[in-house]
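Q: this one's structure only:
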């Protein structure tokens, strides 16, 4: 009888994960469509050079945007997934961090931008920072709330909302203005992002209740949250350093070409991230039993993710020539850039699933260490390659970095699971 009950529980868990993955795939699939249309319209609206100016600013802001929440959204996911009665205080903790730190970061980025970016990109840092550090982080954190409750349907729809609003805004601007500057787009995008953040907070409040503010909780989990933020920022570093550095060297047109191709890669990676996001609460639950349990879950998901990575790589390589017909002849060189970058989803499937296994088991420090190495490696490669080869050097650096991170995460997770390292204690 016990064996029968265990089998039924396993089937229930599998069906729940499949259902949540399905919701994430549906929501992000619709998001894929809206993002595709959105960036096509944006590319036509801005053109190669202005798109490069915007890409440089956005990448620079994204380098530190994760510190707006100080990892409180991931802390929420870890401690509320198993104990949902903790919702109000942990949600209040998230809001306090984002509302205060986003303003500080936006001012700091505005000051530093003039020394790091070219003048055109530096001029639009502040409104871009408010949109990314405050509005986008609020909307993302609200999605985390429903992710913890395994209500992925709501998470998917909330993520879709911002994409749809941006799509509508881009369509209106193309229809009315035909062509716009990076500054005009950043201002329009800021208002759209603020609207999305308001809707996100209102949805959480209506469905789950008001937050409670507990200063003691801030002190209790600040160090852990900082660790999560640092990990996420190192991930942003090896994804966004290249575009920031292209902007620093004044290569706006090259940045537009490269950023366009990289955007296609990010969209193609959505299915892999959907699997990871749907499974994250399960990673924390399994990880509380030990790394060997979260690693087993990661390995089972990796099989599916690898196939998605292969399909994405093949599709991008052979479909790359259609880019100029969709976004304009100014992006013709993006064809070559995309073909160089097409293997990245395959590498990401490895380092995302094995990295999630480490995070779920409370062994984030190992994942963070690997990402620090990857970020430093990426910076060194870009410093060497970009001045000589432009966007091509950035593409080589990205390929080598994602490949190296995949090897490191897989190796570390495998070794720790075999030695059965104990997870850090979970405090209610």
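A: Received the coordinates, thanks. All figures in this text were calculated on a predicted structure; none of them were measured in a lab.

Q: per-residue pLDDT, residue 357?
A: pLDDT recorded at residue 357 is 91.

Q: list the contacts for it?
A: 283, 287, 291, 294-295, 297-299, 413, 417 (CB atoms under 8 Å, 6 or more residues apart in numbering). C-beta: built from backbone N, CA, C; applies to glycine.

Q: make JSON lines out of the residues you listed and add neighbour count.
A: Below are these laid out as JSON lines (neighbours: other CB atoms under 10 Å):
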{"residue": "283", "neighbour count": "27"}
{"residue": "287", "neighbour count": "27"}
{"residue": "291", "neighbour count": "27"}
{"residue": "294", "neighbour count": "30"}
{"residue": "295", "neighbour count": "26"}
{"residue": "297", "neighbour count": "21"}
{"residue": "298", "neighbour count": "31"}
{"residue": "299", "neighbour count": "16"}
{"residue": "413", "neighbour count": "28"}
{"residue": "417", "neighbour count": "22"}
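
Q: which of those has the weakest pLDDT?
A: Lowest model confidence among these falls on residue 287, which carries 85.

Q: hang on, isn't that residue packed against residue 293?
A: Yes. The pair residue 287 and residue 293 passes the contact test of CB atoms under 8 Å, sitting 6.7 Å apart.

Q: overlap in contacts of these two?
A: The contact sets of residue 287 and residue 293 overlap at residue 361 (CB under 8 Å, 6+ apart).

Q: so which of the contacts of residue 357 comes closest to residue 320?
A: Distance to residue 320, by CB to CB, is smallest for residue 298 among the contacts of residue 357, at 30.9 Å.

Q: my guess is the closest one contacts residue 413, does it?
A: Yes. Here residue 298 reaches residue 413: they are 6.8 Å apart, a contact under CB under 8 Å.

Q: any shared contact partners between these two?
A: Shared contacts of residue 298 and residue 413 (CB under 8 Å, 6+ apart): 354, 357.

Q: centre of the chain to stretch 339-354, how far?
A: Taking the mean of its C-alpha atoms, stretch 339-354 sits 14 Å from the chain's own mean (CA atoms, centre = their mean, to the nearest Å).

Q: over to stretch 399-409?
A: Using CA atoms, centre = their mean, the offset of stretch 399-409 from its chain centre is 17 Å.

Q: what about stretch 124-140, start to end distance?
A: By CA to CA, to the nearest Å, the extent of stretch 124-140 from end to end equals 23 Å.

Q: nope, stretch 322-339 is what I was after
A: Length of stretch 322-339, first residue to last, CA to CA: 12 Å.

Q: next: stretch 63-70.
A: Using CA to CA, the end-to-end distance of stretch 63-70 comes to 13 Å.

Q: for that stretch, give the mean pLDDT please.
A: Model confidence over stretch 63-70, given as mean pLDDT, is 90.

Q: list the buried residues of it.
A: Judged by neighbour count (16 or more other CB atoms under 10 Å), stretch 63-70 contains these buried residues: 63-70.

Q: what residues does that stretch touch?
A: Residues outside stretch 63-70 that contact it (CB under 8 Å, 6+ apart) are 94, 97-98, 101-102, 105, 109, 129, 132-134, 136-137, 141, 222, 225-226, 229, 232-233, 236-237, 240-241, 244.

Q: just the buried ones from these?
A: Using 16+ other CB under 10 Å as the burial test, the contacts of stretch 63-70 include 94, 97-98, 101-102, 105, 109, 129, 132-134, 136-137, 141, 222, 225, 229, 232-233, 236-237, 240-241, 244 as buried.

Q: pretty sure residue 166 contacts residue 39?
A: No. Assessed by CB under 8 Å, residue 166 is found out of contact with residue 39, at 9.4 Å.

Q: let me see the ranges of the helices in the stretch 101-250 of the chain.
A: In the stretch 101-250 of the chain, the helices defined using DSSP state H, counting those that start in this stretch lie at 119-122, 125-129, 137-148, 152-177, 182-208, 215-248.

Q: can you redo those as JSON lines with distance to residue 402 and mean pLDDT?
A: Below are those laid out as JSON lines (distance: least, CB to CB, whole Å; pLDDT from 0 to 100):
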{"stretch": "helix 119-122", "distance to residue 402": "25", "mean pLDDT": "94"}
{"stretch": "helix 125-129", "distance to residue 402": "25", "mean pLDDT": "96"}
{"stretch": "helix 137-148", "distance to residue 402": "22", "mean pLDDT": "86"}
{"stretch": "helix 152-177", "distance to residue 402": "23", "mean pLDDT": "82"}
{"stretch": "helix 182-208", "distance to residue 402": "27", "mean pLDDT": "92"}
{"stretch": "helix 215-248", "distance to residue 402": "8", "mean pLDDT": "83"}
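
Q: mind putting the ones you listed into a markdown table with distance to residue 74?
A: Formatted as a markdown table, the helices of the stretch 101-250 of the chain follow (distance: least, CB to CB, whole Å):
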| stretch | distance to residue 74 |
| --- | --- |
| helix 119-122 | 30 |
| helix 125-129 | 21 |
| helix 137-148 | 7 |
| helix 152-177 | 14 |
| helix 182-208 | 17 |
| helix 215-248 | 4 |
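
Q: which residues touch residue 358?
A: Counted by CB under 8 Å, 6+ apart, residue 358 has contacts 291, 294, 364, 366-367, 409, 412-413, 416.

Q: that one in helix, strand or coil?
A: Under DSSP: H, G, I helix; E, B strand; the rest coil, the three-state class of residue 358 is helix.

Q: residue 352 versus the closest residue to it other than its chain neighbours, what's the distance?
A: Using CB to CB, 6 or more residues apart in numbering and skipping the chain neighbours, the partner closest in space to residue 358 is residue 367 (4.4 Å). Going from residue 367 to residue 352 by CB to CB, to the nearest Å gives 10 Å.
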